[in-house]
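> what shape does this take:
(one chain, ligands or ions: 1)
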Amino acid sequence: MATDTVRMGVIGTGGMGSGHCSWMHETPEAELTCVCDIDPEVAQEASRKFGVPAFTSATDLLRSRLVDAVIIATPHYFHPPIAIEAFKRRIHVLSEKPIAVSVKAADKMIAAAEKSGCVFGVMYQMRALGRMQLAKKIVEEGRLGEIYRTSLVVGWYRSQAYYNSGGWRATWTGEGGGVLINQAPHFLDLFAWLGGLPVRLTGNTRTRIHDIEVEDEAFALLEYANGAHGYLYASTTEVPGHEQIEICGDRGKLMLQGSTIRVWENKQPIREHSREAKEMWGSPGSDEITLDIPAGQGKHQEITRNFCRAILYGEPLIAPGAEGIWAVELINALIMAGKTGKPVELPVNRARYERLLASLQATSAGKAKVEARRETDPHYVK
Ligand SMILES: NC(=O)c1ccc[n+]([C@@H]2O[C@H](COP(=O)([O-])OP(=O)(O)OC[C@H]3O[C@@H](n4cnc5c(N)ncnc54)[C@H](O)[C@@H]3O)[C@@H](O)[C@H]2O)c1
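A predicted model of the protein is given here:
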């Protein structure tokens with residue numbers, strides 16, 4: 001691209017999309033040139049607030065020649081069709097999370113991106129956090145050795161008022177899942193990014209405290225190709241909020257909890273010690289290592305800027321869109337395990353999941369009570 005600014009459009013100017021518009025000026029490489037929302041009043045309000053033209057159809061925005069790239073911040077089901085249309089027009093895409101509701105839809109999106117040669121990113125801003133960047137580096141350098149065990153616990157509380165705030169939320173037809181598809185994806189992504197994807201999963205989902213038709217709690221046992229095991233728990237029913245990832249290997253252990261990262265290196269690899277030690281009660285021992293945590297804050301703006309720099313200068317993406325499928329694999333596998341009561345192999349069988357999703361959509365009762373509200377999560381506007 002010849003210029004040093006990417007002309008950006010934001011599609012879906014609700015809670016998240018209006019947030020993206022309001023902090024676009026913080027990205028020197030981006031210029032907000034237009035917005036789109038299917039609701040004319042919301043589109044007009046965004047147009048007034050941000051001083052750019054508004055469209056009520058994504059197709060019209062993509063045809064307008066006003067954009068080089070778009071951020072898609074609609075409900076999840078619309079991410080793949082809008083992205084595919086953008087890629088066909090050689091427009092770069094930064095999709096909100098999750099990239100899609102089903103792995104089949106995600107496959108199509110990734111194939112369209114590859115065919116177009118455009119940049120495809122996903123808004124997994126937590127990857128930009130300094131401690132997550134460091135964790136990734138430690139795993140990639142092999143400092144944990146062969147992985148023996150993983151665990152993920154993510155509890156992000158949501159009230160009934162949150163669920164009532166949009167007709168699409170927490171319905172099979174509007175959202176395609178509950179905590180797994182909406183709150184957990186950030187941590188499912190980090191978990192898969194650091195520990196890889198399991199090959200098999202046994203688990204369950206249930207609706208514990210909310211008046212919704214989808215799950216507010218999910219739990220699973222994971223099996224990896226090398227024989228390692230893992231545990232996963234996600235809910236919107238827990239206070240105070242909890243975020244924890246553990247990756248334990250032959251040479252060391254990594255623990256991310258809340259805003260802390262701790263890493264231990266074993267004085268001798270476990271397998272080697274077990275084989276060679278003569279003492280009955282011996283242990284390899286371990287040292288907690290001092291860490292130099294890089295500066296990343298995990299803000300949406302860091303992902304937007306990196307995405308623009310990938311378009312302009314070929315900078316490697318922090319969160320490539322194609323990797324967005326990892327969380328979708330975990331989400332689909334766990335919903336399928338919960339609904340069938342059987343272990344599920346990954347990669348998820350595409351046709352089987354489409355059939356299951358269609359049957360869940362057919363049972364969807366929709367929302368009895370909606371008090372429409374589009375508010376950006378105040379945690380993001382501090
Ligand atoms: N990265 C993050 O931290 C983060 C945080 C919150 C939400 N999200 C994601 O952002 C997306 C939107 O969530 P939200 O909370 O902003 O929802 P929201 O309901 O507040 O906003 C969605 C907006 O999209 C509009 N819309 C619906 N269909 C459309 C279409 N086909 N074309 C154009 N506009 C359309 C709606 O009118 C609405 O204004 C979801 O995918 C969600 O997972 C990401």
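
> going forward, measure contacts between C-alpha atoms and count neighbours the same way
OK.

> what's the per-residue pLDDT of Met1 here?
As predicted, Met1 sits at a pLDDT of 50.

> typed the wrong thing, it's Lys382
If you check Lys382, the pLDDT there is 54.

> same check, this time on His242
With respect to pLDDT, His242 has a value of 94.

> likewise the one 5 residues further on?
With respect to pLDDT, Ile247 scores 98.

> quick one: contacts of stretch 45-57?
13, 18, 21-22, 32-40, 43-44, 61 (Cα atoms under 8 Å, 6 or more residues apart in numbering).

> just the buried residues from those residues, in ChimeraX please.
One line in ChimeraX is enough to select the buried ones among these; burial here means 16 or more other Cα atoms under 10 Å:
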select :13,18,21,32,33,34,35,36,37,43,44,61
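
> among the contacts of stretch 45-57, which are in helices?
Taking DSSP state H, the ones among those that sit in helices are Ser18, Cys21, Ser22, Pro40, Ala43, Gln44, Leu61.

> and the first one, what is it in contact with?
This means Ser18. Contacts for Ser18 (Cα under 8 Å, 6+ apart) come out as Gly12, Ala46, Thr376.

> from those residues, pick the one nearest the ligand.
Gly12 (3.6 Å; Cα to the nearest ligand atom).

> wait, the closest one touches His76, no?
No - with contacts defined as Cα atoms under 8 Å, Gly12 does not count as touching His76, sitting 10.7 Å away.

> neighbour-wise, which of these two wins?
A side-by-side neighbour count of Gly12 and His76, using other Cα atoms under 10 Å, places Gly12 first with 26 against 22.

> what residue in the stretch 51-200 of the chain comes nearest to the ligand?
Nearest to the ligand in the stretch 51-200 of the chain, going by Cα to the nearest ligand atom, is Thr74, at a distance of 3.7 Å.

> and that residue, what pLDDT?
Per-residue confidence for Thr74 comes out at a pLDDT of 98.

> could you report the neighbour count for it?
23.

> again with Asn226
Burial measure for Asn226: 11 neighbouring residues, criterion other Cα under 10 Å.

> just the pLDDT at it, thanks.
Reported pLDDT for Asn226: 98.

> what secondary structure does it sit in?
Taken by DSSP: H, G, I helix; E, B strand; the rest coil, the conformation at Asn226 corresponds to coil.

> how near is it to Ile147?
Per Cα to Cα, to the nearest Å, Asn226 is found 8 Å from Ile147.

> kindly report the same for Ser95.
With the distance defined as Cα to Cα, Ser95 ends up 31 Å from Ile147.

> compare these two (neighbour count), which wins?
Per other Cα under 10 Å, whichever of Ser95 and Ile147 has more neighbours is Ser95, with 26 against 22.

> quick one, phi/psi of that one?
Backbone torsions for Ser95, taken as degrees, to the nearest 10, come to phi -90, psi 140.

> so what's it up against?
Taking Cα under 8 Å, 6+ apart, we find Ser95 in contact with Ile71, Ile72, Ala73, His79, Ala83, Phe120, Gly121, Val122, Met123, Gly321.

> keep only those of the residues you listed that are in strands.
Counting by DSSP state E, the members of these that fall within strands are Ile71, Ile72, Phe120, Gly121, Val122.

> for the stretch 151-300 of the chain, just list every one of the helices.
All helices of the stretch 151-300 of the chain, identified by DSSP state H, counting those that start in this stretch, fall at 160-164, 179-182, 185-195, 270-276, 300-313.

> ranking these by burial, who's on top?
Among the helices of the stretch 151-300 of the chain, the stretch with the highest mean neighbour count (mean count of other Cα atoms under 10 Å) is helix 179-182, at a mean of 26.

> using CSV, write out every CA atom in that one.
As requested, C-alpha coordinates have been extracted for helix 179-182 and formatted as CSV (Å, rounded to 0.1, in the frame of the first residue of the first chain):
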residue,chain,number,x,y,z
VAL,A,179,-20.2,-18.5,28.1
LEU,A,180,-18.2,-20.7,25.7
ILE,A,181,-18.9,-18.5,22.7
ASN,A,182,-18.9,-15.1,24.3
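
> that one - contacts with which helices or strands?
Using 3 or more Cα pairs under 8 Å, 6 or more residues apart in numbering; DSSP states H and E as the contact definition, the elements that helix 179-182 packs against are strand 217-223, strand 229-235, helix 325-340.

> nearest to Ala112 among these would be which one?
Nearest to Ala112, of all the helices and strands packed on helix 179-182, is helix 325-340, at 13.9 Å by Cα to Cα.

> what about the closest residue to Arg208 other than its chain neighbours, how many neighbours?
Ranked by Cα to Cα, 6 or more residues apart in numbering and with sequence neighbours excluded, the top spatial neighbour of Arg208 is Asp216, at 6.3 Å. Taking other Cα under 10 Å as the criterion, the count of residues near Asp216 is 26.

> for the chain, name the helix or strand with the lowest mean pLDDT.
Ranked by mean pLDDT, DSSP states H and E, the helix or strand of the chain with the weakest confidence is helix 160-164, at a mean of 94.

> which residues touch that helix?
Helix 160-164 is contacted from outside by Arg169, Ala170, His210, Asp211, Ile212, Lys367, Lys369, Val370, Glu371, Ala372, using Cα under 8 Å, 6+ apart.

> the last one and Arg169 touch, don't they?
Right, Ala372. No - contact criterion Cα under 8 Å: Ala372 and Arg169 do not qualify, at 10.5 Å.

> who has more neighbours out of those two?
Neighbours of Ala372 and Arg169, each counted by other Cα under 10 Å, are more numerous for Arg169; the result is 23 against 13.

> would you mind measuring from Trp320 to the ligand?
For the record, residue 320 is Pro, not Trp. With distances taken as Cα to the nearest ligand atom, to the nearest Å, Pro320 is found 14 Å from the ligand.
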